[in-house]
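**Q** Predicted model, plus sequence, below.
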Protein chains: 2
Amino acid sequence: MDLTNLSINLATTRGSWGFAEAVDGCLKRGITAISPWRDQVAAIGLKEAARIVHSNGLRVTGLCRGGMFPAADAEGRKSAVDDNRRAIDEAATLGAGCLVFVVGGLPTGSRDIVAARQMVEDGFAAILDHARASNMPLAIEPLHPMYAADRSCVNTLRQALDLAAKLGPDVGVAIDAYHVWWDPELAEQIARAGRENRIFAHHICDWLVPTKDLLLDRGMMGDGVIDLPGFRRLIEAAGFDGPQEVEIFSAENWWKKPGGTVLDTVIERFATVC
Amino acid sequence: MDLTNLSINLATTRGSWGFAEAVDGCLKRGITAISPWRDQVAAIGLKEAARIVHSNGLRVTGLCRGGMFPAADAEGRKSAVDDNRRAIDEAATLGAGCLVFVVGGLPTGSRDIVAARQMVEDGFAAILDHARASNMPLAIEPLHPMYAADRSCVNTLRQALDLAAKLGPDVGVAIDAYHVWWDPELAEQIARAGRENRIFAHHICDWLVPTKDLLLDRGMMGDGVIDLPGFRRLIEAAGFDGPQEVEIFSAENWWKKPGGTVLDTVIERFATVC
């Protein structure tokens, strides 16, 4: 089986493995693409993480994550911009294909989502030069509307693409099936994302019924209701043939299993959706 | 304080009160508009419920709920259509302003949301004549995308309005702030709903941070992050000046309190959003 187009987002094995263990687990199974989180990189050290990536010829499909732009005051917003510049540097050091953005929700105490969205746009504008100088594509990940308050006020693919279009060609989208599968405009907006050359990453997992936790109850491919093969067909028809990156937040199930078991299951299920 | 424009969806006091107790509790406080659920009406009997409504001159802002059209087989879909015809009859007997629709999600075993949406359209088409003959407006309630799998595959106001436009002038929308507050197209689609004369009901509650349960952790107005006064301004600017109907599903908080306490709090908070 060809695993070239399978990438493991290291959140998936977060329950048992840090960066190095996860890389070992992937390599052992013939998986050569990963997408780590900044805290996982920090835990082992950026230099060591980069050494592991480069010495093994790993493909880094994205670094998670930049964003969290909105803040209650100017100081908080400046601090977010500074942190995002550092995230760009880290992504560049790792040779990541893109920096993935969870843009942030409402600042504490705010009920003004329109203002939060403006802060997101302003935040991107403030880091764009640095991203260009670092040759680092920025991928806005529209998050499911259930995260609008606390994680991301960019909640549809249309909205993410509209924002990217304002910002320029270095900004695109990370399309995660979990976040957008429900969208009545899904087919149309994926096609548009392809036409505009903005599909920088494609994430998968599954939507469980019932979903018991808003953040940490995502499912393994095949255990939920998303038509993942159909989703992939839309993505490929739009011209993206890069990896499907498996990202599963699952506190009560997959994070409790050994990383090896998780990866073996991912490989088995990947065969049904690729 | 003028409570003419306050309606109590009887889900809000479901934890402690049935239909008759809830009506008593409302009347005692000067509230004369309600929106009951079919099971609450059935528990007391349709005739008795209608007697209570008419003898007290109550306004019924909606009957909850019709819908749940998609089913795995033709028999299931026919049964849903029959049940919706009965719901129309019940709404007419109660003199409801509209029958509110939670249209249904994916049939068991299905991952085809496009097909489910077609079943919804077909279901509406099958009951339209009966609704017209009964002079009963049908209000599609777009539900938050987190319910796409199991409750409603109509998830945005734009989508609901597009569907209503296909079906005709007897079909409109119930706009619940909880379900649509996050929508980047909110202002534009509310304005459109007004232009097209399709705002049949306006529901409110609040989005809590954190939200601990996908279905039963809705908040009292003011306890969450929705800009409810701003939302109401959009609704009124669109030409709807009917009641704000308070609908709060809250298993661990409000449903555990006495109905009177809940209503007193609703009245107090309503003053801050009307």
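**A** Nice, I can see it. Numbering: from 1, shown residues only, chains lettered A, B, ... in the order given.
**Q** Contact residues of chain A facing chain B?
**A** Counting by C-beta under 8 Å from any C-beta of the partner chain, the residues of chain A lying close to chain B are A:106, A:110-113, A:117, A:144-146, A:148-150, A:153, A:155-156, A:158-159, A:181-184, A:207, A:209-211, A:214, A:224-227, A:230. C-beta: built from backbone N, CA, C; applies to glycine.
**Q** Tell me which residue of the stretch 1-150 of chain A lies closest to chain B.
**A** At 3.6 Å from chain B, residue A:148 is the closest residue in the stretch 1-150 of chain A, using C-beta to the nearest C-beta.
**Q** show me what contacts that residue?
**A** Contacts here follow C-beta atoms under 8 Å, 6 or more residues apart in numbering or on different chains; on that basis residue A:148 touches A:105-106, A:113, A:155, B:181-182.
**Q** Same question for residue A:270.
**A** A:3, A:6, A:221, A:244, A:246.
**Q** does the second one have beta-bridge partners, and which?
**A** Just to be clear, that refers to residue A:6. Residue A:6 forms beta bridges with residue A:244, as assigned by DSSP bridges.
**Q** That one against residue A:33, yeah?
**A** Yes: between residue A:6 and residue A:33 a contact is recorded at 6.7 Å, counting by C-beta atoms under 8 Å.
**Q** Neighbour count for these two, which is higher?
**A** The neighbour comparison of residue A:6 against residue A:33 (other C-beta atoms under 10 Å in any protein chain shown) goes to residue A:6, with 26 against 22.
**Q** Could you verify that residue A:173 is part of a strand?
**A** Yes: assessed with DSSP: H, G, I helix; E, B strand; the rest coil, residue A:173 lies in a strand.
**Q** Next one: the residue lying closest to it once chain neighbours are set aside from residue B:179, what distance?
**A** Nearest residue to residue A:173, sequence neighbours excluded (C-beta to C-beta, 6 or more residues apart in numbering or on different chains): residue A:160, at 4.8 Å. The gap separating residue A:160 from residue B:179 is 21 Å, by C-beta to C-beta, to the nearest Å.
**Q** Those two - which one has more neighbours?
**A** Set residue A:160 next to residue B:179 and count neighbours by other C-beta under 10 Å: residue A:160 wins out with 30 against 26.
**Q** tell me the angle of the host helix or strand of the more buried one relative to helix B:157-167?
**A** Assigned by DSSP states H and E, residue A:160 belongs to helix A:157-167. On the basis of axes from the mean of the first three to the mean of the last three C-alpha atoms, to 10 degrees, helix A:157-167 is oriented at 120 degrees to helix B:157-167.
**Q** Give me the residue at the spatial middle of chain A.
**A** Nearest to the mean C-alpha position of chain A, counting by C-alpha atoms, centre = their mean, stands residue A:100 at 5.0 Å.
**Q** other SSEs contacting the one helix or strand it maps to?
**A** With secondary structure defined by DSSP H and E, residue A:100 is part of strand A:99-102. Secondary-structure packing of strand A:99-102 (3 or more C-beta pairs under 8 Å, 6 or more residues apart in numbering or on different chains; DSSP states H and E): strand A:63-67, helix A:74-94, strand A:138-140.
**Q** For residue B:264, which of these is the nearest?
**A** helix A:74-94 (37.8 Å; C-beta to C-beta).
**Q** if you skip the residues just before and after it, what's nearest to residue A:113?
**A** Nearest non-adjacent residue to residue A:113, counting by C-beta to C-beta, 6+ apart: residue A:153, 5.4 Å away.
**Q** Quick check, that neighbour in contact with residue A:102.
**A** No: assessed by C-beta under 8 Å, residue A:153 is found out of contact with residue A:102, at 10.4 Å.
**Q** any idea how far residue A:102 is from the nearest residue to residue A:243 once chain neighbours are set aside?
**A** Take residue A:243 and drop its neighbours on the chain: the residue closest to it by C-beta to C-beta, 6+ apart is residue A:7, 3.9 Å away. Between residue A:7 and residue A:102 the computed distance is 18 Å (C-beta to C-beta).
**Q** Between the two, tell me which one has more neighbours.
**A** residue A:7 (29 against 20).
**Q** confidence score at that one?
**A** Among the per-residue scores, residue A:7 holds a pLDDT of 98.
**Q** ok, now how distant is residue A:188 from residue A:158?
**A** In this view, residue A:188 and residue A:158 are 8 Å apart by C-beta to C-beta.
**Q** Tell me which of those two has more neighbours.
**A** Taking other C-beta under 10 Å, residue A:188 and residue A:158 do not tie; residue A:158 has more neighbours (20 against 13).
**Q** and the two most separated of the contacts of residue A:270?
**A** Across the contacts of residue A:270, the longest distance by C-beta to C-beta is 14.3 Å; it joins A:3 and A:221.
**Q** Neighbour count for those two, which is higher?
**A** Set side by side, residue A:3 and residue A:221 show more neighbours around residue A:221, with 24 against 19, by other C-beta under 10 Å.
**Q** before we move on, the earlier item: of the residues of chain A next to chain B, keep whichever come out buried.
**A** The neighbour-count criterion (16 or more other C-beta atoms under 10 Å in any protein chain shown) marks A:106, A:110-113, A:117, A:144-146, A:148-150, A:153, A:155-156, A:158-159, A:181-184, A:207, A:211, A:214, A:224-227, A:230 among those as buried.
**Q** And the helices in chain A?
**A** Per DSSP state H, chain A has helices spanning A:19-28, A:38-44, A:46-55, A:74-94, A:113-133, A:157-167, A:177-180, A:186-195, A:228-237, A:259-273. These are given in chain order.
**Q** okay, the ones you listed, which one's buried deepest?
**A** Across the helices of chain A, averaging neighbours per residue (mean count of other C-beta atoms under 10 Å in any protein chain shown) puts helix A:177-180 on top, at a mean of 24.
**Q** what residues does that helix touch?
**A** Contacts for helix A:177-180 (C-beta under 8 Å, 6+ apart): A:141-144, A:156-157, A:186, A:189, A:202-207, A:218, A:226, A:228, A:231, A:247.
**Q** Quickly note the distance from the residue nearest to residue A:179 when sequence neighbours are not counted to residue A:180.
**A** Once flanking residues are discounted, residue A:179 sits nearest to residue A:144: 4.4 Å by C-beta to C-beta, 6+ apart. Note on residue A:144: its distance to residue A:180, by C-beta to C-beta, is 8 Å.
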